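A.B. asks: When you get a sec, could you give me coordinates for this:
(3 chains)
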Amino acid sequence: MAEVLTASTVVQAEPERGRRRTGLVPIIAGSVLALIVLACVVGPWLMSSDSGTALSTDRFAGISGAHWLGTDELGRDLFARVLRAGRISLGVAGGATLVAMLLGAAWGMIAAFSRGLVDEILMRLADVTMAAPQMLLALIFVAAFGATPVKLAVIVGILLTPVTARMIRSAVLTERAEDYYIAAIAFGAPKWRLILTEVLPNVWAPIGVQSAINVANGIILEAALSFIGLGIQDPDISWGLLLKYGFSMQSRSLGYMLYPAATIFVTIWMLNLLADQLGRTKGGRR
Amino acid sequence: MLKMVVRRVAVSIAMLAALSALIFVVLRLLPGDPVVTRLGATPGVSAETLRHLREEAGLDDPILVQYFHWIGGMLHGDFGSSYFNQFSVTELIGQRLPATLELTVIAMIFTVLLALPAALLSARGPGGLVDRVVTTLSSAGLALPQFLVGVALITIFAVKLRWLPSRGYTPISDSFGENLKGLALPSLTLAVAAAPLLIRFLRGSLIEVMDTSYIRTAVGKGVPSWRVLTSHALRNALIPGLTMLGMIVGYTLGGVVIIEYIYGLPGLGSLAVDAVQKRDYAVLQSAVLLISAMFIATTLVVDILTSVLDPRLRSEARRG
Amino acid sequence: MAVAGCSSSGSDNSPDSSGSTAAVQTGGKITIGAAQGIPQLNPAIRTFAWEEVLFPLLWDGLSETDSSGKVVPDLAESWKVSPDQKTWTFKLRSGVKFSNGKALTADDVVKSLDYYRNPKTATQEANKIATITKVTATDPSTVTVQLSAPNALFPSAIVWVKIMDMDALKTINKDPIGTGPFKVSKFVPGQSLNLVRNDKYWGKAAPLDEIDIVTASDSTAAANSLQSGDLDVLWSVPATDVDQIASNPNIKLVKPAVPSQWPDWEVDTTSAPFNNLKARQALAYATDREQVLEAAYYGQGTVSPYNDPLNEENPMFSSEGMTKYTYDLDKAKQLFAEAGVKSGDTLIWWGVAGQYPEWNTSAQILQASLKKIGINLKIENNDLSTWVEKFYPAGKSFPNMIVPNFQSTPTEPAFSLNYFQPGRCQCNWDNAEYKAAYKKAIGEPDEAKRKEYWAEVQKVINQDVPEIVPLQSTVVTAVNSKLQNVWVDGGGQLHLEEAGLS
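C.D. replies: The predicted model follows:
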């Protein structure tokens, strides 16, 4: 899982190259991503209400005009299934990111502004939770609390929080070392106002990068959990669950496995490209 | 220098202790317990019997008592035993550790084998065709979740081509060849997922080093760029690369759980997953602790090695 | 998995060996796999059904069943019963040794039986031996068993009560001591088990030298391993893969002749709404058995329109005077309404996460059916331990829920129809008529008369609908065609003790 990939890694790895054209790449990435999200959110609404859930006897059908991606083992339209699955996968990942950003921001900022012992303890706590294998913690939480989409979003969000906290803390610390900040403090400006009006706007780039990365990691975690059968459950559907079914039935239909796999792959790739681009923006500012 | 090492070790131990407490508490959150899972499914079992068995297993004692019992046992080398088969945890882990260790090591080797040449080729001509191809491929590789890579490799090499087995593990002692065949796909899966990270990092470091004045002087003097790259740049990029490698080991250990599940490898990961489902607390606690300890130990070793190797850091350490 | 109270008066199997054994060579090693692992080796405590594969290989009981389903002598060479069917006397074979060299005596039998009877052992066989009041060794080779109630079928009740060396109980998971044709050489719990031929075995030596038992948790990988030859036997092939595997010329499918594994959808007959007979009947009419068989079980099984656990091919099957529960949504709607379940109400399907895809599919079929009559079925899948805790053991209250499960029973009705006894069935059904009819049947030594009594028992079950039994499912085992003499009993227990390579 790309949990190791943090904003700082992304920023360091791309040395300043001087050229600042906002290339074609981020535009394409953004558009593809927008298309996917739009399709998943709006698509099922536009199709008939039971598409993707209606059982039929036309099992494992191939691509056709009626079924753009064929059908599954119960005769359900696969295209509709992929879109509906997308709603849940993206929803869980998005929700998880929200949770991680909120909790991580609080955690990171408290640590950054406290310094000293509080900071050390909070950061060690983050290290401890990052040391335990993520998948195992995920499994344990799922076994304890269940795996509905909402609960999964919270669980995955909690798992993504420590890394987010670290990143936000280091971004805030960087700002604190800036001239403008030191000067403002010397002039007596209140900290909280500075945070809101100056610090936060300046850290939007690393926050943006971390968000994109969190969404990507959220998708991966949910998919992995569902793939081994301990994430999203029937009758809900997610890309990971579709992949699980497709993998077990690949002898009947290779497409069944390829469609969710391709969708996951493309979505994450686009997110990574966006994260790269945002990371470069920050690098340019330096 | 020594002071720093001692301090780091102490912190690591403290972290492990905290982790053990965390795991212990989290596990008790789980509904069900080993008694119910093992025997609850037996028709005709009365609630009375279940209660009695639970008591015998010490599951009704207050949490603190259970925790100190566990810790106390650990200090004696007794990690408890599985509720299901009375094998001691040490024995169970001993049976499963080789597979996980081997997997991790081979995966690391593959990662370096994949990443090093790619990074070198890339850094040789930054911005050039080779560089762009490598960057794009590794960017795409990053987007492939580990289990997706595993699924793809199994489908291609095990199902369609039948070159390699899709599951199973033969210990080295039984047959070296079979052992490697069984671990080839799983290690490759982990390597394909980890290599892009290393490529990216190495490439960046190499390019950065290539840009420094002393390298430019060497090139100016007529030293061939390839030799410059390998003998000078690489040596300097090695230290941060080592750090990155440490992170990658952690990343690999994290992926071990799902990879072992997919490939049916009898490692620590599958032991832990099994234990979660059976609520076999003793086994689970120790397995999770061990995996985490491996990760913490790796980070510690890398930290220490880095400061030993890097003269700049060493002098800083002496000051602070 | 989960629930399985079984004893085996198994039944016949594959088309190629009917009773007579094919000629095989001695020697060779095979690898067999199943999705579940074997977590432990004590036969009295069976956690998962797959552990039963060890029963005929490592252990012996006083009696056993052969491939045609008959109960035959095993460690006891003969037995007789008092006219009131309450006192059974077993004469032990001479010269039997445990795998550690110790000689078998009546004392060992008594100790083993007492171990099984101890409530703390919590054995799956408890319901079959519940009527034992006393076990004594009347002499070193004779054991007498006293029952509290007549049981004409007692020898079939104890086929899975294995005789163990009780002195070696503490180390049973390291070194199990039994009297069977094989013994254990290596055990990695949950992963693999290696068996080798037991040279001290008293009976006909097993043809095979070694058997490796491995866990193949991923069904696709398992099917692949079978096709490539890494696995010689795959037990309980997932229904989706059956057709594809069958097309491989090197593999043959082994099935029980009379399937006696049956999914049962459990409801609580002591809480609303299923405490009302009409609600249970309604559910029976709302079950589209044909579609469940086709879509969830891929056609591997037989529908049970009378909601009867017994398969129609079972010699004791009867449908006389019974109601046929056809798929009739109008009737279902009406009956539900009469029971107070109206349009807009919600029922819960309490399933297991990550396993049993057939349950998921069944749930969705039922959900679609109920939706047509305005009732919502909410499908909740939980991890195994959570699932178990909700409704096990018997006596728990779970209103508004339908819990999928399955029973693996022998074809002998005594041990499938007894599932509905109070204290055993999670449905908490307590029906005097059923109990009386069952008692009559089990105490009757005359087979023809017994058949009539079983017909009565089935009728009560059919009329009072304690649970929904949509079909019997066939446990399919895939076997490499070079392996002969493999058979599977009705409940799915695999027998390899006579297996050999041709």
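
A.B. asks: In chain C, what residue comes closest to chain A?
C.D. replies: Relative to chain A, the nearest point of chain C is C:G354 (2.6 Å; Cβ to the nearest Cβ). For the C-beta atoms, the positions are set from N, CA and C on the backbone; glycine is no exception.

A.B. asks: Leaving aside the residues adjacent along the chain, what's closest to that residue?
C.D. replies: Once flanking residues are discounted, C:G354 sits nearest to A:G229: 2.6 Å by Cβ to Cβ, 6 or more residues apart in numbering or on different chains.

A.B. asks: And the one you found, its phi and psi?
C.D. replies: The phi and psi torsions at A:G229 (degrees, to the nearest 10) take the values phi 90, psi 10.

A.B. asks: surely it meets C:Y356?
C.D. replies: No. Applying Cβ atoms under 8 Å, one finds A:G229 not in contact with C:Y356, separated by 10.1 Å.

A.B. asks: how close does the residue of the stretch 1-150 of chain A found nearest chain C get to A:L225?
C.D. replies: Chain C sits closest to A:A143 of the stretch 1-150 of chain A, with a gap of 4.8 Å, by Cβ to the nearest Cβ. Distance of A:A143 to A:L225, computed by Cβ to Cβ, to the nearest Å: 11 Å.

A.B. asks: higher neighbour count, those two?
C.D. replies: Ranked by neighbour count (other Cβ atoms under 10 Å in any protein chain shown), A:A143 and A:L225 place A:L225 first, with 27 against 24.

A.B. asks: where's that one, which helix or strand?
C.D. replies: Here A:L225, judged by DSSP states H and E, is contained in helix A:204-227.

A.B. asks: can you tell me if that helix touches chain B.
C.D. replies: Yes. Using Cβ under 8 Å from any Cβ of the partner chain, helix A:204-227 reaches chain B at A:A216, A:I220, A:A223, A:A224, A:F227.

A.B. asks: Any chance of the residues you listed in CSV with pLDDT as columns?
C.D. replies: Shown next, in CSV, are the residues of helix A:204-227 next to chain B (pLDDT from 0 to 100):
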residue, pLDDT
A:A216, 92
A:I220, 91
A:A223, 93
A:A224, 90
A:F227, 88
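
A.B. asks: Need those in TSV (columns: neighbour count).
C.D. replies: Below are those laid out as TSV (neighbours: other Cβ atoms under 10 Å in any protein chain shown):
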residue	neighbour count
A:A216	27
A:I220	24
A:A223	29
A:A224	26
A:F227	28
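
A.B. asks: Redo the residues you listed as TSV? Include distance to A:F79.
C.D. replies: Converted to TSV, those look like this (distance: Cβ to Cβ, whole Å):
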residue	distance to A:F79
A:A216	24
A:I220	23
A:A223	19
A:A224	24
A:F227	21
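
A.B. asks: Just name the closest of the residues you listed to chain C, please.
C.D. replies: A:F227 (10.0 Å).

A.B. asks: Name the nearest residue to C:G299, ignoring sequence neighbours.
C.D. replies: C:L293 (6.3 Å).

A.B. asks: what's in contact with whichever strand or helix holds C:N462?
C.D. replies: C:N462 belongs to helix C:447-464 when elements are defined using DSSP H and E. Residues from elsewhere that reach helix C:447-464 (Cβ atoms under 8 Å, 6 or more residues apart in numbering or on different chains): C:152, C:277, C:280, C:306-310, C:315-323, C:413, C:417, C:420, C:429, C:431, C:433-434, C:437-438, C:440-441, C:444.

A.B. asks: Roughly how far does C:A368 sit from chain B?
C.D. replies: Counting by Cβ to the nearest Cβ, to the nearest Å, the gap from C:A368 to chain B is 30 Å.

A.B. asks: Pop out the phi and psi values for C:L147.
C.D. replies: Dihedral angles for C:L147 - degrees, to the nearest 10 - are phi -110, psi 150.

A.B. asks: For it, give the beta-bridge partners.
C.D. replies: Per DSSP bridges, the residues bridged to C:L147 are C:I132.

A.B. asks: ok, now which ones touch it?
C.D. replies: Counting by Cβ under 8 Å, 6+ apart, C:L147 has contacts C:Q85, C:K86, C:T87, C:W88, C:T131, C:I132, C:T133, C:F154.
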